[in-house]
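Colleague: Pasting the sequence and the predicted coordinates here, then a few questions.
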Amino acid sequence: MPDAAQTVVMKFGGTSVADAERLTRAAKRIVALAETGTRVVAVLSARGRTTDELVAKAYEVSPRPNPREMDMLLSIGERESCALAAMVITDLGHEAISLTGSQAGIVTDTSHTRARILDVRADRIRTGLDEGKIVLVAGFQGVSVSSDVTTLGRGGSDTTAVALAAALAADVCEIYTDVSGVFSADPRIVPGARKLPVVTFEEMLEMSASGARVLQLRAVEYARNHGVSIHCRSSFDDRPGTVVEDEARTMERPLITAVTHSTAEARVTLLGLPDRPGIAGRVLSALADAGVNVDMIIQNEPVTEGRQADMSVTVPRDDLANAREALAKLQGELGFAGVQTDEQMGKVSLVGAGMRSHPGVAAKALTTLGDAGVNIEMISTSPIKISCVVREEHVETAVRELHSAFELGDNAVHHEDVTGVHRPVVT
């Protein structure tokens, strides 16, 4: 039985509380853990597609909804989930209290619809735990330093859970989803993909940034910065999932941990840029000011002085309209020839802490893609990642070929023993 002083933060995603049956199952799981003597804080997302429905309602009445009012609207979903779960837990014979993000002490900046957490003043949560209550906190939201309701952006409930775990010095932050953990590739593309028992923070950051959607990037970043161990697991069974923690606490890492992908990329190419200092910085500043997140950057320098250059960047496909608008305003100022865009781009990435000490990974990856007839449009690297931009229609082929070439499947690796890095399973 866990020590009575143990504190666990449990986060349940939208599919885990989508209907009455699933919400009740989640509540029973929360109660089962509390009955072991563990102090439990549960963070809940909005039910099912509630957030999407609220967004749709906003656009029914306004072509450009006011961001502050949008946050007021979107915060409803998580509050509903928490109140309903508290009712179920009460009926199961336990005391529970539901709190909004502001009541839980989550203080953010003033950036509506994508606020960042500045502080967690968790006194009210601690009081509830000290009184023997199960505390339910609405995810995805907080209160700004200007006393307005704010939301944290898509997947923000993960960040809420990690932030609370850090503030409470919790033993672990458990993220319950509709998948059983983090895999070596998307099982829908590679049926033989392996569930990873342990992933380092650095690997998970690169995977989240490269298309893996199991954990939100900002949540992993927050966990790394505050030393919070994450256990990503299924809300539909009791098997251990994937533990995300500091590299110092893991064994020697394999060469490649996973292949990730994205099919939501777009390429923007600026033609005929003047070849003078500061031009690239001005372009990227304009995109940043427009809220466009730039991933890869390639600039073709002119071979002779005075010639013009071309510059290509990749951006999320959803940001393409904002990118076009920002660059159109910039064209008169900089005098470049024009802008070309391509929406049919994808990205495939190899991630692994082990590649730091193993040469030849890039050569093998590029050779594998070449042999498969996959043309590489752009390449970027970090010490533990290699990313290639390819045509969208070639992404699945690229993922399968790389997964096979680096022998990442279940039948090609030895399983790691992660006993002790997560709490005992409560059934």
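Modeller: It's in. Residues are numbered from 1 along each chain as shown.
Colleague: Need the CA coordinates for the helix or strand bottoming out on mean pLDDT in the chain. PDB is fine.
Modeller: Lowest on mean pLDDT, DSSP states H and E among the helices and strands of the chain sits strand 297-300, with a mean of 84. These are the backbone C-alpha positions of strand 297-300, laid out as PDB (Å, rounded to 0.1, in the frame of the first residue of the first chain):
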ATOM      1  CA  ILE A 297      14.400  27.400 -42.100                       C
ATOM      2  CA  ILE A 298      16.500  27.100 -45.300                       C
ATOM      3  CA  GLN A 299      18.100  30.100 -47.000                       C
ATOM      4  CA  ASN A 300      19.800  29.700 -50.400                       C
END
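Colleague: Which of the three states applies to residue 339?
Modeller: Using DSSP: H, G, I helix; E, B strand; the rest coil, the structure places residue 339 in strand.
Colleague: Report the beta-bridge partners for it.
Modeller: Listed beta-bridge partners, residue 339: residue 270 (assigned using DSSP bridges).
Colleague: looking at it, it is touching residue 267, isn't it?
Modeller: No: under the criterion of C-beta atoms under 8 Å, residue 339 makes no contact with residue 267, lying 10.9 Å away. Bear in mind the C-beta positions are built from the backbone N, C-alpha and C, glycine included.
Colleague: More neighbours: those two, which one.
Modeller: Each of residue 339 and residue 267 had its neighbours counted (other C-beta atoms under 10 Å), and the higher figure belongs to residue 267 (22 against 15).
Colleague: Give me the neighbour count for the residue nearest to the more buried one when sequence neighbours are not counted.
Modeller: Excluding the flanking residues, the one nearest residue 267 by C-beta to C-beta, 6 or more residues apart in numbering is residue 342, at 4.6 Å. Using other C-beta under 10 Å, the number of residues around residue 342 comes to 17.
Colleague: In a strand, residue 342, correct?
Modeller: Yes: secondary structure of residue 342, determined by three-state DSSP: located in a strand.
Colleague: Report the separation between it and residue 256.
Modeller: Between residue 342 and residue 256 the distance is 28 Å, computed by C-beta to C-beta, to the nearest Å.
Colleague: what does residue 117 give?
Modeller: For residue 117, the distance to residue 256 - C-beta to C-beta - is 33 Å.
Colleague: Which of those two has more residues huddled nearby?
Modeller: A side-by-side neighbour count of residue 117 and residue 256, using other C-beta under 10 Å, places residue 256 first with 26 against 23.
Colleague: Show me the helices in the protein, by range?
Modeller: Using DSSP state H, the helices assigned to the chain run over residues 20-34, 50-61, 67-74, 76-91, 123-130, 156-168, 201-209, 217-226, 279-289, 320-334, 361-371, 395-405.
Colleague: Not counting sequence-adjacent ones, nearest residue to residue 214?
Modeller: Nearest non-adjacent residue to residue 214, counting by C-beta to C-beta, 6+ apart: residue 182, 5.2 Å away.
Colleague: per-residue confidence for that neighbour?
Modeller: The per-residue pLDDT reported for residue 182 equals 92.
Colleague: what do you get for the one 3 residues further on?
Modeller: The predicted structure scores residue 185 at 94 on the pLDDT scale.
Colleague: what's the answer for residue 3, then?
Modeller: On pLDDT, residue 3 comes in at 47.
Colleague: and residue 68, how many neighbours does it have?
Modeller: Using other C-beta under 10 Å as the criterion, residue 68 is surrounded by 16 other residues.
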